[in-house]
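>>> return a 3D structure for these sequence lines:
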Amino acid sequence: MKSLVVVPAFAFLFATAALAGGGHTGGHGHDDAAEGKHMAVGEPGQASDVTRTIKVEMLETDDGEMIFKPDRLALKQGETVRFTIVNTGELEHEFVLDNKARNAEHKDLMQKFPEMEHDDPNAVRLMPGESGEIVWTFTNGGGFEFACLVPGHYESGMYGELSVVESPVTN
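Numbers count the residues shown, from 1 in each chain. Sure thing, here's the model as predicted:
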């Protein structure tokens, strides 16, 4: 009888540990994006709707800053963009599209669980030399940001401004 009590206790401990490790779907508030639903910054786009491609580089500078190139983007509301993200730096980085409040929440969670896995359509995490892409439709106007939320990277300058406006723009 004692073994019957021990087995469920171990199962509970393993399940708790797995949940504590975190993952982007189940704690970041990005469940809507993972299910293809609308977020404040927009929604996953269709490749067939892409109106332009924007290359974004992630890297570190000689003086220790971590940056995006470019670090400021202006887009048109309703536009579908393919972001081609390249990590030309020497450290692992991520690119996350969201509003500032949600990125701040995500950053706090990353501080607690730095090894969490990413599977959100508005984010990509890349090792040095890797590249990835995000196709995104900007359904709402306003001010948003893209950021690297790996612990310490945001504080080292790795974030950028994203403005979504009603009139046409060029970058």
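>>> so where is the protein shaky, pLDDT-wise?
By pLDDT under 70, the low-scoring segments of the chain are 1-38, 117-118, 167-171.
>>> that one: strands as residue ranges?
Under the criterion DSSP state E, the chain contains strands at 43-44, 52-60, 66-69, 72-76, 80-87, 93-98, 123-126, 131-137, 142-147, 159-165.
>>> can you spell out which helices and strands pack onto the fifth one?
It stands for strand 80-87. If contacts are counted by 3 or more C-beta pairs under 8 Å, 6 or more residues apart in numbering; DSSP states H and E, strand 80-87 sits against strand 52-60, strand 93-98, strand 123-126, strand 131-137. (Each C-beta comes from the backbone N, C-alpha and C, glycine too.)
>>> now for the third one, which elements pack on it?
If I follow you right, that is strand 123-126. The helices and strands touching strand 123-126, judged by 3+ C-beta pairs under 8 Å, 6+ apart, are strand 80-87, strand 93-98, strand 131-137.
>>> within the sheet, what are the partner strands of the shortest one, with directions?
If you go by DSSP bridges, strand 93-98 pairs up with strand 123-126 (antiparallel), strand 142-147 (antiparallel).
>>> looking at those strands, which is buried most?
strand 123-126 (a mean of 22; mean count of other C-beta atoms under 10 Å).
>>> pull the residues that contact it.
For strand 123-126, the surrounding residues in contact (C-beta atoms under 8 Å, 6 or more residues apart in numbering) are 24, 30, 58, 85-87, 92-97, 118, 132-134, 150.
>>> returning to that earlier point: tell me the most buried of the helices and strands packed on strand 123-126?
The most buried one of the helices and strands packed on strand 123-126 (mean count of other C-beta under 10 Å) is strand 93-98, showing a mean of 26.
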